[in-house]
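**Q** dropping the sequence and predicted coords here.
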Amino acid sequence: MSVLDPTWTALLYLVAAVFFILALRGLSSPRTARRGNLVGALGALVAVVTVFLSARLENIPWILGAIAVGSAVAAPVARRVKMTQMPQLVALFNGVGGGAAALVALLELTHAGDPWVRLAIVFTLLVGAVSFSGSSVTFAKLQELMTTRPVVFPGLPVVMAAVLLAAVAAAVVVILTGSPVPAVLLLLLGLVAGVLLVLPVGGADVPIVISLLNAFTGLAVAASGVVLGNVLLVVAGTLVGASGTILTRAMAAAMGRSVAGILFGAFRGGSTAGSTAVSERPVRSSSPEDVAVLLGYAQRVIIVPGYGLAVAQGQHTAAELADALEARGIDVDFAIHPVAGRMPGHMNVLLAEANVPYESLKEMGEINPEFKTADVALVVGANDVVNPAAKTSSGSPIYGMPILEVAEARQVVFLKRSMRPGFAGIENDLLYQPQTSLLFGDAKDSLAQVLGAVKAL
């Protein structure tokens, strides 16, 4: 028996929806992201409690047991995951959401007599399954459980088209008959379609596909809200779908690519990742003391953090180095590329953890005109986002991607572990230019050595 009447249920759902909207607003800025996350969690709590108090639930022990198991798994994972692995975690959570929506829709098919409800069911089945399997492949790519390069085979477009046509046929049968057999077939076809969709994507484009699949999950959840007659699911799913779509377009624009080109570029024989071969051209290497002299006697220094900084967990040392330089009267800023680190906001969060002032974090459009006034650009673990090939090489996989104009600085120092190319798998000609020097080693260790040398000046 329900405790809440329909009026109170609707009111509490409205409160939860407002919390979700406020959460998205908070997540739009690193300064308010933590508060936005808490507001979103509060909205989810209100929604779950409202369901328990308003619906006539059966199998409550099973429901509570599932919540307990999920919490026991999720809480330790969320606490232990490294910031460098956050994109993989997002991919997993996103895939689980899509898969859950698909399973709910499959179970509800036996109660659906209305063809319009069956239409929502087949949409949820297909899109949720695509999101689940596609997100699983993106996780495997980012976790390097499989190659990050595009995986294509002869006839892939034909196979993809055949799978989609079969899925449409199965969906029509489900809508007309309500039979569970074609529904299960549709679910399986969706899983295959998700794998085929993501396999040809490689290099730095994988995080963009994660964002796109996140939008897919939102749409699947919204459709499942139609199936269950739950307005809050429709609202929440629509918010996720819309925000995921906006983020996908923003990330694609930051990479200078179209979403269609990212998904289907490999079908045309192109690639979203280049050669992994390492050039044997000579480079100018430096010692920590050499770099310290360049930095210590500069007037303007711009630090460009990248994924290598995140992997080495060197953000605190980078912040200490910036403080040491500012103590010498040097103007220091951090240049943040929109997709630095593999996901938007990745670098902002890392540096905020190290108490770098928000005023020192400059976005690409703001900082690019200032590189020409910089005495030193210190690139820590970044490659693709500063690679001039994006502007000069029409055959490059990253051609057209907006980059940080590091090459315009008077001196450029790269802190790199090795000469291996970045995530996009292409060589950076800036490494071989006369104004560029390289300090090899782990980013955190190299920063610590440079910091010690600066303090000794």
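**A** Perfect, thanks for sending it.
**Q** give me the number of residues near the closest residue to R328 other than its chain neighbours?
**A** Nearest residue to R328, sequence neighbours excluded (CB to CB, 6 or more residues apart in numbering): G296, at 6.4 Å. All C-beta spots, glycine's among them, are computed from the backbone N, C-alpha and C. By other CB atoms under 10 Å, 19 other residues sit near G296.
**Q** so that it lines up with my notes, have the first residue be 44 from now on.
**A** Yes, from this point I'll number from 44; that puts the last item at G339.
**Q** next one: G339 from V147, what distance?
**A** 61 Å (CB to CB, to the nearest Å).
**Q** how about R77?
**A** For R77, the distance to V147 - CB to CB - is 31 Å.
**Q** so the two - more neighbours on which side?
**A** V147 (19 against 13).
**Q** buried residues in the helix or strand harbouring the more buried one, which are they?
**A** Remark: V147 resides in helix 129-151, with elements defined by DSSP states H and E. Buried positions in helix 129-151, judged by neighbour count with 16 or more other CB atoms under 10 Å: 129-135, 137-149, 151.
**Q** what helices and strands are in contact with it?
**A** Packing partners of helix 129-151 (3 or more CB pairs under 8 Å, 6 or more residues apart in numbering; DSSP states H and E): helix 158-185, helix 223-241, helix 249-271.
**Q** save these as JSON lines, and put in mean pLDDT too.
**A** Shown next, in JSON lines, are the helices and strands packed on helix 129-151 (pLDDT from 0 to 100):
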{"stretch": "helix 158-185", "mean pLDDT": "93"}
{"stretch": "helix 223-241", "mean pLDDT": "94"}
{"stretch": "helix 249-271", "mean pLDDT": "90"}
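**Q** those: which one's closest to A365?
**A** A365 lies closest, by CB to CB, to one member of the helices and strands packed on helix 129-151: helix 249-271, at 26.6 Å.
**Q** which residues of the stretch 194-343 of the chain score low on pLDDT?
**A** 246-247, 298-300, 308-324 (pLDDT under 70).
**Q** one more time with 50, if that's ok
**A** For the stretch 194-343 of the chain, the stretches with pLDDT under 50 are 313-320.
**Q** tally of neighbours for D485?
**A** 16.
**Q** return the per-residue confidence for the residue lying closest to F175 once chain neighbours are set aside.
**A** Distances taken as CB to CB, 6+ apart place G142 nearest to F175, at 3.7 Å, with adjacent residues excluded. If you check G142, the pLDDT there is 94.
**Q** just the CA trace of the host helix or strand of A60, in CSV.
**A** Secondary structure assignment for A60, by DSSP H and E: helix 49-70. Provided in CSV are the C-alpha atoms of helix 49-70 (Å, rounded to 0.1, in the frame of the first residue of the first chain):
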residue,chain,number,x,y,z
PRO,A,49,-0.5,11.2,-6.3
THR,A,50,-0.3,14.9,-5.5
TRP,A,51,2.6,14.5,-3.1
THR,A,52,4.3,12.1,-5.5
ALA,A,53,4.1,14.6,-8.3
LEU,A,54,5.4,17.3,-6.1
LEU,A,55,8.4,15.3,-4.9
TYR,A,56,9.2,14.3,-8.5
LEU,A,57,9.1,18.0,-9.4
VAL,A,58,11.6,18.7,-6.5
ALA,A,59,13.9,15.9,-7.8
ALA,A,60,13.7,17.2,-11.3
VAL,A,61,14.7,20.7,-10.1
PHE,A,62,17.6,19.2,-8.2
PHE,A,63,18.8,17.5,-11.4
ILE,A,64,18.6,20.8,-13.4
LEU,A,65,20.5,22.6,-10.6
ALA,A,66,23.1,19.8,-10.6
LEU,A,67,23.8,20.3,-14.3
ARG,A,68,24.2,24.0,-13.8
GLY,A,69,26.7,23.3,-11.0
LEU,A,70,28.6,20.8,-13.1
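**Q** if I've got this straight, I346 is in a strand?
**A** Yes - looking at I346 with DSSP: H, G, I helix; E, B strand; the rest coil, it is inside a strand.
**Q** I figured it hits D374, correct?
**A** No - checked against CB atoms under 8 Å, the pair I346 and D374 is beyond contact range at 11.5 Å.
**Q** okay, these two: which has more neighbours?
**A** The residue with more neighbours, out of I346 and D374, is I346; 26 against 16, by other CB under 10 Å.
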